[in-house]
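Colleague: below is the sequence, then the predicted model.
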Amino acid sequence: MLDKKEKLVMFYLSSICLDKKTYLILTSDLAEYVSKKYVISIAELNDIMISLCKDNYLDFVVSNSKKGYYYCVNLKNKGLTFKKDQKKEKQALWGMILRTLLLTLLSFVLGLLLKIIFKG
């Protein structure tokens, strides 16, 4: 299960790496995207990338350049289907909430009917 920062990084990577499986990403761009919601350092970003690599979402290599550090990211199948999986999870959650509400309403109505039947 991914935490919020890892999900945010995966949303960014899956939106950037749509056409290609491999993409070159500047670490400062990725950190800037994540820093819109969370305060993050490059070291923490490296830890997140290693965690995503261990969870079989991607492979990456760190490269040094004059402009800074780059990640050469290769999304695996699990990383390519990340957005679809998140959408399915959200739909399943809403389905469970709706089912719970309907069952609660049904039990309330049945309780009222039984009360009316056995009262009179």
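Modeller: Thanks, I have the structure now.

Colleague: if I look at Tyr12, how far off is Lys76?
Modeller: Remark: distance between Tyr12 and Lys76 (CB to CB, to the nearest Å) = 16 Å. In this view, the C-beta of every residue, glycine as well, is placed from N, C-alpha and C.

Colleague: which residues of this protein fall in helices?
Modeller: With helices called from DSSP state H, the chain shows them at 4-16, 27-34, 42-54, 77-80, 82-119.

Colleague: can you redo the ones you listed as TSV with mean neighbour count?
Modeller: Shown next, in TSV, are these (neighbours: other CB atoms under 10 Å):
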stretch	mean neighbour count
helix 4-16	17
helix 27-34	17
helix 42-54	15
helix 77-80	15
helix 82-119	10
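
Colleague: tally of neighbours for Ser41?
Modeller: Neighbours of Ser41 under the rule other CB atoms under 10 Å: 10.

Colleague: so what's it up against?
Modeller: Ser41 sits next to Ala31 when contact means CB atoms under 8 Å, 6 or more residues apart in numbering.

Colleague: what about Lys36, distance to Tyr12?
Modeller: Distance from Lys36 to Tyr12, counting by CB to CB: 10 Å.

Colleague: what is in contact with these two at once?
Modeller: With CB under 8 Å, 6+ apart, Lys36 and Tyr12 have no common neighbours.

Colleague: before we move on, back to that, columns distance to Tyr70 and mean pLDDT on top of the helices of the chain, output as CSV?
Modeller: Listed next are those as CSV, based on distance: least, CB to CB, whole Å; pLDDT from 0 to 100:
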stretch, distance to Tyr70, mean pLDDT
helix 4-16, 13, 90
helix 27-34, 7, 89
helix 42-54, 12, 91
helix 77-80, 18, 85
helix 82-119, 21, 95
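
Colleague: now tabulate those helices in TSV and tack on distance to Tyr69.
Modeller: TSV is the format used below for those (distance: least, CB to CB, whole Å):
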stretch	distance to Tyr69
helix 4-16	15
helix 27-34	4
helix 42-54	7
helix 77-80	20
helix 82-119	23
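
Colleague: right, so of those, which gets closest to Asn64?
Modeller: If you check each of the helices of the chain against Asn64 by CB to CB, helix 27-34 wins as the nearest, at 10.2 Å.
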